[in-house]
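> can you look at this prediction? I've put the sequence above it.
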Amino acid sequence: MAHHSNGSASGFSFSQITRHEEYHINGGDLFFLVEHVQFRVHRYFFERESVVFRKQLMTPASPGASRQGTSESSAIILEDVRSSDFAKFLWVFYNPKYSLYNTSTDDWTIILDLAHRWEFPEVQNLVVRELEKLDLSDVTRVSVYHKYGVDRNLLLPRYAALCEREEPLSLREGMLLGMETTLNIARAREYARANRTPSGARSPGIAGLERDEMRSLVREMFNVKPLDNTGDQDESTSTPSGGLVTVYYPKRLQGYTYSGF
């Protein structure tokens with residue numbers, strides 16, 4: 001959820017406020033103030049894409065007052081956000097390269113954090129698609145996807161890789177993943193190394209588990225519900241650090257390009 005101040009930009013001295021050099025756009029009809037930096041952008045993106053901002057922007061103004069965000073003096077103040085991070089978020093909408101979204105893992109994580117906080121579902125989908133292209137460690141990907149509620153079907157190959165690898169999780173990895181995930185991985189490794197799955201099937205060892213058996217084991221351990229069989233999923237190949245495995249993810253994330261212009 002976004003943290004919005006109940007105050008207005010009029011509470012700041014205008015000498016303290018600077019206009020963002022890129023995202024103070026002539027013709028923009030929505031004003032934000034973030035860390036004494038003023039942004040002027042297009043209301044359309046925020047009303048259409050965000051549940052949080054849609055509700056806020058549809059709230060009628062008090063008698064005699066301006067609607068929030070319609071002028072410099074009524075700019076929406078965003079708290080707990082850095083101006084540099086907000087600029088990175090806006091880049092999704094104003095990217096001059098259209099469908100080419102090339103940036104770092106850290107920047108995508110910042111964008112995902114704000115999209116999750118402000119409920120921009122299509123931006124979240126875009127970020128996940130782009131993160132799927134990047135070379136993240138299995139532990140990092142699981143940690144990030146868990147934090148922001150990404151569909152766990154995308155993590156099946158990552159869980160499997162962590163269960164199949166020779167070395168156990170390190171203390172640092174365990175702290176990053178959290179107790180529940182760490183214990184589930186340990187349990188899955190124990191089942192596999194004991195040559196059995198929860199259904200009682202036998203296998204010659206962790207490396208000998210069939211891919212379908214490992215997927216079934218991981219689904220049960222992590223309580224991952226299969227996607228429906230209505231044609232909304234495709235099989236794609238992914239190569240986590242643990243080896244070549246198969247990942248299923250929704251078609252809506254395959255080839256998705258933000259088209260809100």
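All right, it came through fine.

> please make it C-alpha for all contacts and neighbour counts, starting now.
Noted.

> centre-most residue in this structure?
Nearest to the geometric centre of the chain sits residue 112, at 3.7 Å (C-alpha atoms, centre = their mean).

> number of residues surrounding the closest residue to that one other than its chain neighbours?
Leaving aside its sequence neighbours, residue 112 sits nearest to residue 124 (C-alpha to C-alpha, 6 or more residues apart in numbering; 5.8 Å). Neighbourhood size, residue 124 [other C-alpha atoms under 10 Å]: 21.

> same check on residue 99?
Quick note: residue 99 (other C-alpha under 10 Å) scores 13 neighbours.

> returning to that earlier point: how far away is the residue nearest to residue 112 from residue 164?
According to C-alpha to C-alpha, to the nearest Å, residue 124 stands 29 Å off from residue 164.

> what about the helices in the protein?
Taking DSSP state H as the test, the helices found in the chain are 43-49, 51-57, 83-94, 105-118, 121-133, 138-147, 156-164, 171-177, 179-193, 211-222.

> of all the ones you listed, which lies closest to residue 36?
Closest to residue 36 of those, according to C-alpha to C-alpha: helix 83-94, at 8.3 Å.

> how about the closest one, which residues are buried there?
Across helix 83-94, burial judged by 16 or more other C-alpha atoms under 10 Å covers 83, 85-90, 92-94.

> figure out how far that helix is from the centre of its chain.
Centre-to-centre, helix 83-94 and its host chain are 15 Å apart (C-alpha atoms, centre = their mean, to the nearest Å).

> for it, packing partners?
Where contact means 3 or more C-alpha pairs under 8 Å, 6 or more residues apart in numbering; DSSP states H and E, helix 83-94 is packed against helix 105-118.

> can you list the buried residues in the helix it packs on?
108-116, 118.

> just want the angle from it to helix 138-147.
On the basis of axes from the mean of the first three to the mean of the last three C-alpha atoms, to 10 degrees, helix 105-118 is oriented at 20 degrees to helix 138-147.

> now helix 105-118 - C-alpha only, CSV.
Provided in CSV are the C-alpha atoms of helix 105-118 (Å, rounded to 0.1, in the frame of the first residue of the first chain):
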residue,chain,number,x,y,z
THR,A,105,18.3,-6.6,-11.5
ASP,A,106,18.4,-4.0,-8.7
ASP,A,107,16.4,-1.5,-10.7
TRP,A,108,13.8,-4.1,-11.7
THR,A,109,13.5,-5.0,-8.0
ILE,A,110,12.9,-1.4,-7.1
ILE,A,111,10.2,-1.1,-9.8
LEU,A,112,8.6,-4.4,-8.6
ASP,A,113,8.6,-3.1,-5.0
LEU,A,114,6.6,0.0,-6.0
ALA,A,115,4.3,-1.8,-8.4
HIS,A,116,3.5,-4.3,-5.6
ARG,A,117,3.0,-1.5,-3.1
TRP,A,118,0.7,0.6,-5.3
